[in-house]
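Undergrad: with the input below, show me the fold.
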Amino acid sequence: MDKSSFLNYYKTILEKVSFDNRLLEKEYKKAKELLEGPEAKDLDYWVKRQGLLRKMEANPIDKNNSRMS
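TA: Predicted coordinates:
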């Protein structure tokens with residue numbers, strides 16, 4: 001699978017898990033680790049355009065994967 005396929009794959013995954021902020025952030029971090037250069041920037045742009053970044057920022061997760069409230 002090439003990188004652009006991974007980019008589209010992770011876009012699909014992020015759309016499907018967007019109902020759960022914790023899962024959304026976890027999958028976003030996995031995608032960022034896998035994708036490099038232009039693909040990572042494309043994902044960032046797409047996440048912002050979809051409004052998913054605001055969802056992740058609303059409920060930050062600490063390093064132990066627990067809510068910081």
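
Undergrad: helices along the protein, start to end?
TA: Taking DSSP state H as the test, the helices found in the chain are 3-17, 21-34, 37-50, 52-58.

Undergrad: could you dump the ones you listed to CSV with mean pLDDT?
TA: Output for the helices of the chain, formatted as CSV (pLDDT from 0 to 100):
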stretch, mean pLDDT
helix 3-17, 91
helix 21-34, 95
helix 37-50, 95
helix 52-58, 79
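
Undergrad: go ahead and confirm Leu53 touches Trp46.
TA: No - here Leu53 does not reach Trp46: they are 9.9 Å apart, not a contact under C-beta atoms under 8 Å. (Each C-beta comes from the backbone N, C-alpha and C, glycine too.)

Undergrad: in TSV: the helices of the chain, plus mean neighbour count.
TA: What follows is those, written out as TSV (neighbours: other C-beta atoms under 10 Å):
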stretch	mean neighbour count
helix 3-17	15
helix 21-34	16
helix 37-50	14
helix 52-58	14
